[in-house]
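Peer 1: Here's my sequence, what's the structure:
(chains A and B)
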Amino acid sequence: MDFGPYLLLASLEGAVTAAVLALMAAGLSLVFGVMRVVNVAHGEFYMLGAVLAWVVASAVGGGPVLGFVAALVVAPLLVGALAAAADVTVLKRLDYDPERTIVATIGLLYILQQLTLMGYGPEARPVAPPFNARLALPWVEWGDAGPQLYWPWGLSITSYKLFVIGAAVAVLAGLWLFMTRTRVGLVMRATQLDGEMAQAFGIPVERVYAGVFGLGAALAALAGVLIVPIQQAHYLMGGEALLLSFIVVIIGGLGSLAGTVIAAVLIGMSDGIISVFFSPTLAKIIATLLVAFVLVFRPRGLMGKAAR
Amino acid sequence: MLEIDGIDVAYGPAQVLRGLSLTARPGEITCLLGRNGAGKTTTMKAIMGLLPLRAGSITLDGEDIGRLPAHEVPRRGIGYIPQGRRLFAELTVAQNLEIGLRARRRGDEVRARVLGLFPRLADRLGQRAETLSGGEQQMLATARALCLEPRVLLLDEPTEGLQPSMIALIREVVVELRRQGVAIVLVEQRIDAVLSAADRVVFIENGQSRAAVDAAELRDDPALLKRYLGV
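Peer 2: Reported below is the predicted structural model:
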């Protein structure tokens, strides 16, 4: 294969990574933006989404489509409810103190991870994709008769991967509309901008926090469900996803949805491309280096606002 | 009537209010006077339920509101115009007003009445609050609180940094609310403004209420001011 088709293939793989990463990082960014809580357990919600997708899909049966659709609905709801419960029972009692909530979510990380190990085991398990047609992609070549299309061997993507990209775009657009156009979104943004004043105008901030924490976790779980037909569900899969999410959120600017999406595309694409041409480790090294540069030269991130 | 009886309030280990008491009656402007750090703003936050009471009670028309969750306090009809305005900066004028309206589920009728008081806001409904001028921001902070149709209105230094025409407008609105029977609690540094508008003055010192005096007495005998404030 020539360089051009090879690059296209790497970019498509990167776009899938970017899509899943954008969903997950949007959840992390939302939680930090509204609650000022750095949720270290966010990767475990992603892992739980993937593991629950396997549990639901194998319990439902009746073909991969039904199982996957059931997982897509049930897993984010369950994980969201679990996170909201964790907020009410743990984070609320710490008064959302920034330092103590970090320690608490580290504890939550290990509890979720070890419980999954005990219940689900150390195996990596796949979920069958609901559809998985291989779509060959054309490339342009300059021949004797001018530019002409041809189908290089190996240049293809599956319909499921295209679906993941499309689903992530749709969910993020929906999230944006929810935050900007609905009353609940307005209440969340008011709480984000000034929690004390929100309370002084009758907004039940603690309930908003529980909802936001649940929503953030549900987004991570959704990302987990979407990835599990591509990458198997494993109890340790949250760690790398958490690292990449933090990288994305720091580069994009904490609390900025637009910045998060831009950074997810940047990191996801570069991760895909560098992993294909060089090695996945180099991709992580470069991403982490990028974070260091952002922290030195633009600490508030690409789209973040200066601290008030 | 808003009655505060012997409240103790602290930020962590630092106690700010010590047995502070005051009363705000409907149709009266009760002014809190005191030096910086005496506890005026803390008193307002305590009324709003934003700081927990360690002792004492706060009642509104006989109902104990001192231990309600903070978001329930405004729903009882207490409007708050905080120091520094504290608008929802990235939200538009219309969205800031909507937050106020939602607090007590008021609708378009209240919104129209409030905008009638501040026509300049009606022209800027789609503008983000942070892009307004200082005077317009104060109008919006006032309008947001009026969207609750408050029985009690708390104003914390509403004229700080405003030009005279704007001060006059705010004052007009406050006097009109007094006429409608709203109990008004005002923190204000400018003593001339206090003396001309207030009905009662409560002197606060070191987190305690020293004395509550009729404003008319102070107007007649400025020597009293010296005694309570040391100015």
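Peer 1: And the pLDDT for the residue of the stretch 201-308 of chain A at minimum distance from chain B?
Peer 2: Residue nearest to chain B within the stretch 201-308 of chain A (C-beta to the nearest C-beta): A:Gly202, separated by 3.3 Å. C-beta here means a position set from N, CA and C on the backbone, and glycine is covered the same way. Per-residue pLDDT puts A:Gly202 at 96.
Peer 1: Around chain B, which positions in the stretch 101-250 of chain A sit nearby?
Peer 2: A:183, A:186-187, A:189-190, A:193-194, A:196-206 (C-beta under 8 Å from any C-beta of the partner chain).
Peer 1: Just the element for A:Leu112, please.
Peer 2: helix A:98-120 (DSSP states H and E).
Peer 1: Show me which positions of that helix end up buried.
Peer 2: A:101, A:104-105, A:108-109, A:112-113, A:116, A:120 (16 or more other C-beta atoms under 10 Å in any protein chain shown).
Peer 1: Would you map the strands across the stretch 151-300 of chain A?
Peer 2: A:156-158 (DSSP state E, counting those that start in this stretch).
Peer 1: Tell me if I'm right that B:Gly161 and B:Gly134 touch.
Peer 2: Yes: between B:Gly161 and B:Gly134 there is a contact at 5.9 Å, judged by C-beta atoms under 8 Å.
Peer 1: which parts of chain B sit against chain A?
Peer 2: Counting by C-beta under 8 Å from any C-beta, chain B sits next to chain A at B:48-50, B:69-75, B:80, B:82, B:86, B:88-91, B:95, B:98-100, B:102-104, B:144, B:148.
Peer 1: Regarding the spatially most central residue of chain B, what is its secondary structure?
Peer 2: Nearest to the mean C-alpha position of chain B, by C-alpha atoms, centre = their mean, lies B:Leu154 at 1.7 Å. Per DSSP: H, G, I helix; E, B strand; the rest coil, the secondary structure class of B:Leu154 is strand.
Peer 1: List the buried residues for stretch A:183-196?
Peer 2: Using 16+ other C-beta under 10 Å as the test for burial, stretch A:183-196 gives A:186-195.
Peer 1: just to revisit the earlier point, please list the members of the residues of chain B next to chain A that lie in strands.
Peer 2: B:Tyr80 (DSSP state E).
Peer 1: Tell me the buried residues within the residues of chain B next to chain A.
Peer 2: B:48-50, B:70-71, B:73-75, B:80, B:82, B:86, B:88-89, B:91, B:95, B:98-100, B:102-104, B:144, B:148.
Peer 1: Take those and keep only those in helices.
Peer 2: B:73-75, B:95, B:98-100, B:102-103, B:144 (DSSP state H).
Peer 1: Report the two of those residues separated the most.
Peer 2: B:Val73 and B:Gln95 (21.9 Å; C-beta to C-beta).
Peer 1: What sits closest to the residue in chain B positioned nearest to chain A if chain neighbours are left out?
Peer 2: Across chain B, the shortest distance to chain A (C-beta to the nearest C-beta) belongs to B:Ala103, at 3.3 Å. Once flanking residues are discounted, B:Ala103 sits nearest to A:Gly202: 3.3 Å by C-beta to C-beta, 6 or more residues apart in numbering or on different chains.
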